[in-house]
Structure formats: structure tokens, C-alpha cells
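[1] Mind folding the following:
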Amino acid sequence: MGIVKIGDDLHEELRKSSAVMCRSINAQAEFWIKVGMLAEANPTLPFTEILAQQLRNADVQVPEIEAA
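    Predicted coordinates for the structure are as follows:
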């Protein structure tokens with residue numbers, strides 16, 4: 001584990017988003033970092049596809065939503 005220094009404004013956004021997402025501040029930062037790394041490595045994939053692929057890689061069974 002290491003220490004990463006970030007600006008106060010970004011830390012405040014992490015704090016707020018972590019509350020909404022029911023994650024610790026550290027877990028929220030780790031999530032953003034991971035998604036950002038994947039987005040940089042796969043610039044043609046949208047955010048939703050990156051998340052869908054990560055869920056599939058973790059063998060999470062996500063039900064399809066049927067159109068009305």
C-alpha cells in the first residue's frame with residue numbers, strides 16, 4: 001500500500017461519490033483509478049462496456065433488462 005497525494009477538490013469529490021456508491025473513500029479512488037487505466041488502454045470502449053467486461057471477468061451473472 002502506498003500514499004497518493006491528491007488535491008483537496010478531488011478529495012472532496014471522492015468523499016461525496018463514495019457516500020453515494022456505498023464505498024470507502026479509498027475504494028472509490030481505487031475504482032476510479034482502475035476504470036481510468038482500462039479506459040486509457042481501451043480508448044474505443046465506452047464506460048458501460050468496460051464495466052460489463054469487468055463483471056463478466058468476475059463471473060458475475062447480470063440479468064438482461066427487457067425492453068418494454
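
[2] what mean pLDDT would you report for the lengthiest helix in the chain?
    In the chain, assigned by DSSP state H, the helix with the most residues is helix 25-41. Mean pLDDT, helix 25-41: 95.

[3] Go ahead and name everything in contact with the helix or strand following that helix.
    Counting by DSSP states H and E, the element after helix 25-41 in chain order, helix or strand, is helix 47-57. Residues from elsewhere that reach helix 47-57 (CB atoms under 8 Å, 6 or more residues apart in numbering): 35, 38-39, 42, 45, 62. From N, CA and C alone the C-beta is placed, and that goes for glycine too.

[4] if we go to 6 Å?
    38, 62 (CB atoms under 6 Å, 6 or more residues apart in numbering).

[5] That helix to helix 25-41, inter-axis angle?
    Here helix 47-57 runs at an angle of 110 degrees relative to helix 25-41 (axes from the mean of the first three to the mean of the last three CA atoms, to 10 degrees).

[6] distance between helix 47-57 and the chain's centre?
    Computed by CA atoms, centre = their mean, to the nearest Å, the chain-centroid distance of helix 47-57 equals 10 Å.
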